[in-house]
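Asker: Here is my input, please return the structure:
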Amino acid sequence: MAKNSKEAYGASGKTNVLMFEPENLHLVSDKTHPLYDERIHLPLHEPTVLSIMKLGVIEPIVIWKDPETGRSCVVEGRQRVKNTLEANKRLREEGKKPLLVPAVVRRGSPFSVAEVMISANEIFQADTPLGRAKKMADALTRGHDEKDLALMFGVGVQTIRATLALLDATQAVKDAVESGDITVTQARQLANLTPDEQREKVKEVEAATAGTKGHEKARRQRQVIGDAKPRMKSRKEITKALESASGDYAQALRWVLGEDE
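Answerer: Numbering: from 1, shown residues only. Alright, predicted model coming up:
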């Protein structure tokens, strides 16, 4: 008698893989939804489209069924779904049979499933620094702490803090991180400066690193950003802050002003 697949391959367990028409899979585009990922807007990847046309979708995606809408939402594998839609369009034009997408089901709340989405994307295909920062902030608002985020994103707590600091920086600093002109850690340093000082430092870095790469680029970045320290407040600014301060903070300000006796 023929063995079942588990016995035939010597596997320790098995699960069900479902097959879907890509048109019946929901790609979340609502920015307020826990499963939203801005990479949904990435363009099609031609090599992937051609590969799918020839070999099909090799790796199953992960889906979650929304109990409120009944939709099968894609948790992990958006690009495979998008590229399969394009592959099927071309196959139909050639008079060939369209392909199905293999998927495994993940159960739980949308927030717990979102952790799966983030971990899968971050570990295997990292997001942009600003995209990660936004997701980290969203996770914090949903009740997760820094240790949770460290596990979800596969990084240390210090990296979590440095990445979140990016959200407090000017757009010039954010753009510089996205383009690779400065690192996330350097952006955290710049976030301590005034907005004008941040923009000026970015210009200095761009001028200093133009046409460089690797170690030389990193060296020049450090030369410029190494001097990026918080601007000392003037006596007038400290006196102004003291007007609304209280407790230990007020006492510390008086000490700075030399008024603490």
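
Asker: CA atoms for contacts and neighbours, from now on please.
Answerer: Fine.

Asker: what packs against the host helix or strand of Ala103?
Answerer: Element membership for Ala103 (DSSP states H and E) is strand 101-105. Secondary-structure packing of strand 101-105 (3 or more CA pairs under 8 Å, 6 or more residues apart in numbering; DSSP states H and E): strand 18-20, strand 61-65.

Asker: Relative to Thr183, which of these is closest?
Answerer: Thr183 lies closest to strand 61-65 among those, at 32.1 Å (CA to CA).

Asker: The closest one packs against which elements?
Answerer: Going by 3+ CA pairs under 8 Å, 6+ apart, strand 61-65 lies up against strand 72-76, strand 101-105.

Asker: got these as a markdown table, with distance to Glu237 columns?
Answerer: Formatted as a markdown table, those follow (distance: least, CA to CA, whole Å):
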| stretch | distance to Glu237 |
| --- | --- |
| strand 72-76 | 50 |
| strand 101-105 | 58 |
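
Asker: so which of these gets nearest Asp181?
Answerer: Per CA to CA, nearest to Asp181 of the helices and strands packed on strand 61-65: strand 72-76, 30.0 Å.

Asker: average pLDDT across that closest one?
Answerer: Averaged across strand 72-76, pLDDT comes to 90.

Asker: Skipping adjacent residues, who's closest to the most centrally placed residue in the chain in space?
Answerer: Note on the chain: the residue nearest the mean C-alpha position is Arg132, at 2.5 Å, using CA atoms, centre = their mean. Residue nearest to Arg132 in three dimensions, not counting chain neighbours: Thr163, with 7.4 Å by CA to CA, 6 or more residues apart in numbering.

Asker: Cys73 and Val17: what is the separation?
Answerer: 15 Å (CA to CA, to the nearest Å).

Asker: Counting neighbours, go ahead and name the busier of those two.
Answerer: A count of neighbours by other CA atoms under 10 Å puts Cys73 above the other of Cys73 and Val17, at 21 against 14.

Asker: mind checking the SS state of Tyr36?
Answerer: coil (DSSP: H, G, I helix; E, B strand; the rest coil).

Asker: these two touch, right, it and Val28?
Answerer: Yes. Counting by CA atoms under 8 Å, Tyr36 touches Val28, with 5.5 Å between them.

Asker: State the number of residues packed around Ile61.
Answerer: Neighbour count of Ile61, defined by other CA under 10 Å: 21.

Asker: Run through the bridge partners of it.
Answerer: Ala103 (DSSP bridges).

Asker: who touches the helix or strand hosting the residue nearest to the centre of the chain?
Answerer: Following DSSP H and E, one finds Arg132 within helix 129-141. Contact partners of helix 129-141, identified using CA atoms under 8 Å, 6 or more residues apart in numbering, comprise 38, 146, 149, 160, 163-164, 166-167, 174, 177-178, 184.

Asker: please redo it, this time with the cut-off set to 7 Å
Answerer: Applying CA atoms under 7 Å, 6 or more residues apart in numbering, the contact partners of helix 129-141 are 149, 163-164, 166-167, 174, 178.

Asker: next SSE after that helix?
Answerer: Using DSSP H and E, the first helix or strand after helix 129-141 is helix 146-153.

Asker: Could you check that following helix and say which residues are buried?
Answerer: Within helix 146-153, the residues that qualify as buried are 146, 148-150, 152-153, counting by 16 or more other CA atoms under 10 Å.

Asker: and which of those is nearest Ala252?
Answerer: Nearest member of those to Ala252, counting by CA to CA, is Glu146, at 29.6 Å.

Asker: I'd like the distance between the closest one and Thr159.
Answerer: Distance, Glu146 to Thr159, by CA to CA: 10 Å.

Asker: so which helix or strand takes in the closest residue in space to Ala172 that isn't next to it in sequence?
Answerer: The shortest distance from Ala172 to any non-neighbouring residue, by CA to CA, 6+ apart, is to Arg199 (5.8 Å). Per DSSP H and E: Arg199 is located in helix 195-209.

Asker: same check, this time on Thr84
Answerer: Using DSSP H and E, Thr84 falls in helix 78-93.

Asker: Could you check the angle that helix makes with strand 72-76?
Answerer: Between helix 78-93 and strand 72-76, the angle comes out at 120 degrees (axes from the mean of the first three to the mean of the last three CA atoms, to 10 degrees).
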